[in-house]
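Engineer: Give me coordinates for this.
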Amino acid sequence: MGGCVLNPVFKSLVDQDRIIGLDELIKRNDKVYMKDLTRLKVIKIGNLIAYGTYSESLSRYKNVINFKAGDKVVSLCTVALCPGPFRIILDTYDLDEIESFSLSENELILNNEIRLTFTSQLLYRQPRMLPALIGTAKNVQLTTLMDELLEQDEPSLLEMIIKPRKRLDRFQSELTACFLKGIEAHWKKDDVSFVKQIQGRGMGSTPSGDDFLIGYLIGLSWMIEAWGMDLKSHREIVYQTALGSNPLINTFLYQACSYQLDRNWADFLNSFADNRVNRLMDDFYRIMDLGESSGTDMMSGFYFLIVDKLTEQITQNSN
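Structural biologist: All right, here's what the predicted structure looks like:
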C-alpha cells in the first residue's frame with residue numbers, strides 16, 4: 001500500500017495485505033454501524049406508546065420509520081420531526097441502520113442490541129391546552145391565516161373548494177368534484193356521506209382527503225375542548241366513518257379525535273388561543289410545511305370546520 005493513508009471504511013477491506021471475505025466485511029461494517037448507534041440519545045418518548053417490541057415497519061422515510069402497532073403505528077423519528085404521543089425522537093438525522101426496537105419503562109433497545117436509557121422527564125406530554133374564547137383580535141387572526149392559506153402558490157384544498165384563482169388540472173378538478181359532493185352532503189347533515197366522499201381521495205401515504213379529515217377532526221376537538229361547543233356526537237360519527245385499513249392514517253385520526261396532539265398542532269392552537277401574534281405565523285407554517293401537501297390539506301380541513309361552525313353560530317345568534 002506504500003505510504004497511502006486509508007479511509008477507515010476502506011481499511012476494513014484490508015487484512016494483512018489481503019482482501020477479506022464478504023461475510024467478514026459485513027461483520028466488521030456492522031460493528032462500525034453499531035458503534036455509531038451507541039452514540040444516540042433519546043430526546044422524547046411519546047406517552048401513549050405501549051411497552052413491547054416493534055419489528056414490522058409499515059413505511060420508511062428519511063426522517064421517520066413507522067412501525068406497526070396493532071391498528072396504529074409508532075414512529076421512530078429524527079430530530080427533524082416534533083415530539084408527539086406516538087413518536088420516539090432520537091438525536092440523529094440518520095435512521096438507515098435501525099430495523100427494530102423494544103421499549104420498556106426506562107430503556108429503548110435498537111436492533112435487539114443497542115441499549116439507550118431514558119428517564120420519565122423525557123416522556124412527551126401534550127402542553128396544557130388553553131381556552132379559546134372568540135373576540136375581535138381572534139377574528140382578525142382567523143381571517144389573516146385563512147388569507148395565507150388561500151394565497152399559496154399551489155391551490156390549497158380550501159381554495160379549490162371555495163373559488164380557485166386559476167384553471168385546475170384534470171386531477172385537481174376531479175378531486176374538487178368529490179369534495180364538493182361531500183360538502184353538499186355535509187350541508188344536508190349527512191355526516192357519513194360527507195366523510196365517504198372525501199376519504200382516501202388523492203395520492204400519497206396519507207391522501208389529501210384523509211389529511212383534510214384529520215384537520216377537520218382537530219378543529220372539532222378544539223371547539224369541543226377549548227370553546228365548549230356541543231359537537232361530540234358529530235365528531236364520533238366523522239371519526240368512526242373515517243377509520244380504514246391504513247394504520248398510519250388511523251393513528252392520526254385517533255390523535256385528532258382524542259385531542260392527543262403532536263407538539264406542532266398543540267403550539268399552533270395555544271398561540272392562537274393566547275393571542276401570541278409574534279409566534280402564530282411561525283406555528284402556522286410549521287404545520288403547512290409538513291410533507292408534500294399534508295400540512296396544507298390538514299389546515300384546509302381545520303379551517304373549513306372553523307369557518308363552517310362560526311358561520312353557523314353567527315346565523316343562530318342573529319335569529
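Engineer: Every contact and neighbour count from this point should use C-alpha atoms.
Structural biologist: OK.
Engineer: Got the confidence number for N317?
Structural biologist: What the model reports for N317 is a pLDDT of 63.
Engineer: Then T78?
Structural biologist: 96.
Engineer: How about E236?
Structural biologist: Per-residue pLDDT puts E236 at 98.
Engineer: Could you check how many residues crowd around P247?
Structural biologist: Applying other C-alpha atoms under 10 Å, we find 20 residues neighbouring P247.
Engineer: residues contacting the nearest residue to V79 once chain neighbours are set aside?
Structural biologist: Closest residue to V79 apart from its sequence neighbours, by C-alpha to C-alpha, 6 or more residues apart in numbering: D91 at 5.6 Å. Residues near D91 by C-alpha atoms under 8 Å, 6 or more residues apart in numbering: 40-43, 78-79.
Engineer: possible to save the residues you listed as CSV with secondary structure?
Structural biologist: CSV is the format used below for the contacts of D91 (DSSP: H, G, I helix; E, B strand; the rest coil):
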residue, secondary structure
L40, coil
K41, coil
V42, strand
I43, strand
T78, coil
V79, coil
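Engineer: Alpha carbons of stretch 64-76, as PDB, please.
Structural biologist: Output of stretch 64-76 as PDB, limited to C-alpha atoms (Å, rounded to 0.1, in the frame of the first residue of the first chain):
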ATOM      1  CA  VAL A  64     -39.200   8.500  10.200                       C
ATOM      2  CA  ILE A  65     -39.800   4.800  10.300                       C
ATOM      3  CA  ASN A  66     -43.400   3.900  11.000                       C
ATOM      4  CA  PHE A  67     -43.700   0.600  12.900                       C
ATOM      5  CA  LYS A  68     -47.000  -1.300  13.000                       C
ATOM      6  CA  ALA A  69     -48.600  -1.400  16.400                       C
ATOM      7  CA  GLY A  70     -52.000  -3.200  16.000                       C
ATOM      8  CA  ASP A  71     -54.300  -0.800  14.200                       C
ATOM      9  CA  LYS A  72     -52.000   2.100  14.700                       C
ATOM     10  CA  VAL A  73     -48.300   2.900  14.300                       C
ATOM     11  CA  VAL A  74     -45.400   4.000  16.500                       C
ATOM     12  CA  SER A  75     -42.900   6.300  14.700                       C
ATOM     13  CA  LEU A  76     -39.200   6.300  15.300                       C
END
